[in-house]
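Novice: Could you work out the structure for the sequence below:
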Amino acid sequence: MSAPDPADVVAEAVSAVFRRALRDTLLLLGGLLVLGVGLGALLAGTAGVWGALMGVAIALVFSGTTIVAMARTARSTPTTTAAVVLGSWLVKIVLLGIVLAVLRNYEFYDRIVFAAVLLLGVIGSALLDYRAVDRGRIPYVTPKS
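Specialist: Sure, this is the predicted structure:
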């Protein structure tokens, strides 16, 4: 039986970090969805529900695409990973600007609930990403085979 390829060991460790980050983010956003919709309904009625739903949806797209992009490029070169992450970030920023500009003209949602849920989702996801990387067991040195 031969020893595993060191590059595969590192790639699997990195993939485990991204899986954990994605799982934790989905759990956070699921909880935020339930809490946000409940509080939004109590505080602002139907408009609060719409604000919470849209806030969670945008947080999911914004945070989830970064994790998925990094996970999909875990076995690629650092340059490829950086290009994919930067490209996805630029697309997300442009789309976010367009979505926010369009939503500005509508009044069917509560803006305070929307902003609160979106901020909690994005900041919470960033903290969970940090925690996943901090606790990840990624080797610093790749042994020669």
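Novice: residues near residue 125, how many?
Specialist: Look at residue 125: counted by other CB atoms under 10 Å, it has 25 neighbours. All C-beta atoms are positioned from the backbone trio N, CA, C, and that covers glycine.
Novice: Could you do the one 4 residues further on as well?
Specialist: Taking other CB under 10 Å as the neighbour definition, residue 129 ends up with a count of 21.
Novice: What helix or strand is it located in?
Specialist: If you go by DSSP states H and E, residue 129 is part of helix 111-135.
Novice: how distant is that helix from the center of its chain?
Specialist: Distance, stretch centre to chain centre, for helix 111-135: 8 Å (CA atoms, centre = their mean, to the nearest Å).
Novice: now stretch 50-64
Specialist: 10 Å.
Novice: what's in contact with that stretch?
Specialist: Here stretch 50-64 makes contact (CB atoms under 8 Å, 6 or more residues apart in numbering) with 22, 25-26, 29, 32-33, 36-37, 39-40, 44, 92, 95-96, 99, 103, 108-118, 120-122, 125-126, 129.
Novice: I'd like to know which of those residues are buried.
Specialist: Among those, those classed as buried by 16 or more other CB atoms under 10 Å are 22, 25-26, 29, 32-33, 36-37, 39-40, 44, 92, 103, 109-110, 113-114, 116-118, 120-122, 125, 129.
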